[in-house]
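In: Pasting a predicted model and its sequence here:
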Amino acid sequence: MNDVMRCVGCGEELLAERAELGYEYCLAPACQGRYRQGPAVTAVGVNKSGESFVVAEPEDVRRRAEAGEFAAKNAAVLPTPASGVPRQRTPQRRRPSTPPKRPWTPEQENLVRIYHEMGLSPREIVERCRTAAPRLGVDERLVVQILSSPRPARR
């Protein structure tokens with residue numbers, strides 16, 4: 001007895017390979033369109049990048065999307081209370097900015113800036129300060145700190 005498999009759509013004879021693989025429909029475009037069920041290719045948009053493609057069953061893609069797998073990883077999602085109403089963020093109060101603490105005196109800064117405006121290097125400024133005002137205790141590290149800091153606001 002010759003068991004010939006027939007297409008469930010049109011009744012045509014199925015190829016032996018298709019029958020062995022478990023297909024019940026033929027390769028005719030009408031039967032393919034009606035019975036073919038395969039994985040879907042879904043494009044997922046990614047920030048600052050090309051799209052990522054996911055090959056999976058449509059139900060699996062929907063479930064993964066609902067679980068947040070395709071959401072932006074850097075998006076801040078605030079937890080919601082049981083009622084489902086999103087929480088409001090309370091604005092943080094900023095402390096008034098205080099001027100940075102300077103580990104030098106105004107006299108030291110004034111002398112260093114005067115010598116710097118004369119075109120002296122930090123090492124030359126230290127030598128001049130030791131000669132002119134040794135009591136101020138200006139060293140090369142302090143000179144660099146002063147010259148690297150912004151000038152104080154004039155009043």
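Out: The structure has been received and is ready for your questions. Numbers count the residues shown, from 1 in each chain.
In: and Val55, what are its phi and psi?
Out: phi -110, psi 110 (degrees, to the nearest 10).
In: show me the contacts for it.
Out: 39-42 (CB atoms under 8 Å, 6 or more residues apart in numbering). Using the backbone N, CA and C atoms, a C-beta is placed for each residue, glycine as well.
In: Over to Phe53?
Out: Phe53 neighbours (CB under 8 Å, 6+ apart): 41-44.
In: Now list the buried members of those residues.
Out: Thr42 (16 or more other CB atoms under 10 Å).
In: Mind checking which of the contacts of Phe53 are in strands?
Out: Among the contacts of Phe53, DSSP state E puts 41-44 in strands.
In: which one in these is the model shakiest on?
Out: Lowest pLDDT among the ones in strands among the contacts of Phe53: Val44, with 74.
In: and that one, how far is that from Gly38?
Out: According to CB to CB, to the nearest Å, Val44 and Gly38 sit 19 Å apart.
In: And Val144, by the same measure?
Out: Counting by CB to CB, the gap from Val144 to Gly38 is 69 Å.
In: again, but for Glu124
Out: 80 Å.
In: Which of these two has more residues huddled nearby?
Out: Between Glu124 and Gly38, counted using other CB atoms under 10 Å, Glu124 has the larger neighbour count: 14 against 7.
In: Leaving out chain neighbours, which residue sits closest to the more buried one?
Out: Excluding the flanking residues, the one nearest Glu124 by CB to CB, 6 or more residues apart in numbering is Tyr115, at 7.4 Å.
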